[in-house]
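Novice: quick one, fold the following:
(one chain, ligands or ions: 2)
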Amino acid sequence: MAVSTIYSLNSISTPPKPHSPFFPQKHILFFTTTTKRPPLRGRRSALISCSAEEKTVVIGLAADSGCGKSTFMRRLTSVFGGAAEPPKGGNPDSNTLISDTTTVICLDDYHSLDRTGRKEKGVTALDPRANDFDLMYEQVKALKDGTAVDKPIYNHVSGLLDPPEVIKPPKILVIEGLHPMYDERVRDLLDFSIYLDISNEVKFAWKIQRDMAERGHSLESIKASIEARKPDFDAYIDPQKQFADAVIEVLPTQLIPDDNEGKVLRVRLIMKEGVKFFNPVYLFDEGSTISWIPCGRKLTCSYPGIKFSYGPDTYYGQEVSVLEMDGQFDRLDELIYVESHLSNLSTKFYGEVTQQMLKHADFPGSNNGTGLFQTIVGLKIRDLFEQIVATRAAAPLAATKA
Ligand SMILES: Nc1ncnc2c1ncn2[C@@H]1O[C@H](COP(=O)(O)OP(=O)(O)OP(=O)(O)O)[C@@H](O)[C@H]1O
Ligand SMILES: O=C(CO)[C@H](O)[C@H](O)COP(=O)(O)O
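Specialist: Numbers count the residues shown, from 1 in each chain. Ligands and ions are numbered 1, 2, ... in the order given. The predicted structure follows:
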C-alpha cells in the first residue's frame, strides 16, 4: 500500500528531489501550504505523486501553426478514452487540455515576449528569442519527475501573458507547439516525438480554408503572413524534423498531373528504426518495397483512386520505414480492408483503426492519409506508454529476484 507523507511548503523552501536521499521511496507525497501564496511564474508547485512506474511519459508534437496539431491531439486523446477539456474553473483562454490519462500543454505558453513585445523587438513567435526555453525545460522536467508546476499562459485572444495555471503531473504529458525539439535539454526529456511536416502548397490551402472561409481574412493577408513567417520557420521550426521519431509529411497528390487544388493529398508516415518501444507499421511484408493499389472489389475508389507504397529509406542519414498513401477514401467503413493488410498497428482488437476513424469521421483529414496516419501514431503512442509502464513495473521485481 502507498504511504502518504505531507510536507508543508512553508517549512521547506525546496521540496526534496526524487533522486535525493531525502525523497521517500514509493510514497505518495502531498505538499501543502498553510498560508495563501500567489502562484509564482517559474516556481515549482506542489508535488503530487510519483512512484517509479507512474512517472510521466512525455510526448513532443512539433508543427507550424495551422498544421493540424489540435486535430491530431483530439485523435490521440480519444485513443485513451474520455474527453479532453481545459482545466476546470481556470482561465477560459487556457491552451491546456486535460483528460484522465493525458495533459496536453501548448508551448506558446512559454512565449517570453507578448504580442506587443514581439512587435517592438521585430521578432516573430517562431524566433527562439521570443521563447523561454530555460523555463520550458525546468517545468517539463519537473512534471516528468512528478512535481506540479505553475505554468504561464499565453493568451491568444489578448496577446498578453496571463497569470499562470497549476499543471499536475499526468500519466502522459504532450507538449505541442512550435519548438518541442528545438532545445536539446527539452528534447532529451521526450519519450517519443512527432513532427507534422505540411508542404507549403498544402499549408496555404489549409490556411485559406480556415483563415479566409472561417475567420474572414483576405487572401493577401494570408499570403503575407505565410511569407513573413517563412525565414524563421525554415531556420527554427523545420530543422526539428530530423530529431522526430515519426514524421507525417503532407504533400500534393501525384495522382493528378499538375494538381494545384490541394484537396487530394499524398501523405507519408516516416518511422525511425531502432526507437525503443516503437515498432514501425508495415504493409504486407516487413522490410520489402511495396506498391499497392487497393481499389477494386473490396475498396470503392472514385477518381483519382488510391495508391499505397511502403519500403525502407533513409531520412537525415537515419534508417526509416516509410508508409505512403496518395488519394482519398470514398467509404470509410471499407478502410477495414486496408487495415487488414497493415501489421504492427498496436491495435487491441481487429478493426480498431477503422473504428477510430469512423468515430471521428467529421475531423479534417478523415478521408485521407492524414487522419489514417494520425490515428495509427495515436495507437503506437498508447502502446509505447503501456510498454514503458510495464517495463518500469517489472524492473523492481527483477531487482528483488536478483
Ligand atoms: N488533415 C487535414 N486535412 C484538411 N485540412 C486540415 C487538416 N488538418 C487541419 N486542417 C485545416 O487546418 C486548420 C487548422 O487545424 P488545427 O486547428 O488542427 O491546427 P493547429 O496546428 O492546431 O493550429 P493552431 O496552432 O493555429 O491552433 C483546420 O481548421 C483545417 O481547416
Ligand atoms: O505561431 C504561433 C503558434 O500558434 C502563433 O503565431 C504565436 O503563438 C503567436 O500567437 P498570436 O498570433 O495569437 O499572438
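
Novice: biggest helix in the chain, by residue count?
Specialist: Ranked by residue count and defined by DSSP state H, the top helix of the chain is helix 369-401.

Novice: and the protein, which residues reach ligand 1?
Specialist: For the chain, the residues in contact with ligand 1 (C-beta under 6 Å from any ligand atom) are 63, 65-71, 206, 209-210, 364-365, 370. Placement of C-beta: from N, CA and C, glycine included.

Novice: wait, which of these is closest to Tyr182?
Specialist: Within the residues of the chain next to ligand 1, the smallest distance to Tyr182 is 12.7 Å, found for Ala63 (C-beta to C-beta).

Novice: just to check, the closest one is in contact with Ser193?
Specialist: No: using C-beta atoms under 8 Å, Ala63 makes no contact with Ser193, being 11.6 Å away.

Novice: low-confidence ranges in the stretch 251-400 of the chain?
Specialist: For the stretch 251-400 of the chain, the stretches with pLDDT under 70 are 397-400.

Novice: quick check: domain ranges of the chain?
Specialist: Here the domain parsing of the chain from automatic domain parsing is 37-194, 245-388.

Novice: who touches the residue sitting nearest the centre point of the chain in this structure?
Specialist: The residue lying closest to the centre of the chain (C-alpha atoms, centre = their mean) is Leu61, at 3.2 Å. With contact taken as C-beta atoms under 8 Å, 6 or more residues apart in numbering, Leu61 is in contact with Lys69, Phe72, Met73, Val174, Ile175, Glu176, Gly177, Pro180, Ser193, Ile194, Tyr195, Leu196.

Novice: are any of the residues you listed buried, and if so which?
Specialist: In the contacts of Leu61, burial by neighbour count holds for Lys69, Phe72, Met73, Val174, Ile175, Glu176, Gly177, Pro180, Ser193, Ile194, Tyr195, Leu196, counting by 16 or more other C-beta atoms under 10 Å.

Novice: would you reformat those as TSV and include secondary structure?
Specialist: Output for the buried ones among the contacts of Leu61, formatted as TSV (DSSP: H, G, I helix; E, B strand; the rest coil):
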residue	secondary structure
Lys69	helix
Phe72	helix
Met73	helix
Val174	strand
Ile175	strand
Glu176	strand
Gly177	strand
Pro180	coil
Ser193	strand
Ile194	strand
Tyr195	strand
Leu196	strand
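
Novice: closest to Gln242 out of those?
Specialist: Set against Gln242, the nearest of the buried ones among the contacts of Leu61 by C-beta to C-beta is Tyr195 (8.8 Å).

Novice: next one: that closest one from Val320, what distance?
Specialist: Distance of Tyr195 to Val320, computed by C-beta to C-beta, to the nearest Å: 12 Å.

Novice: cool, Tyr310 as well?
Specialist: For Tyr310, the distance to Val320 - C-beta to C-beta - is 12 Å.

Novice: which one's more surrounded, the two?
Specialist: When Tyr310 and Val320 are compared on other C-beta atoms under 10 Å, the one with more neighbours turns out to be Tyr310, at 25 against 21.
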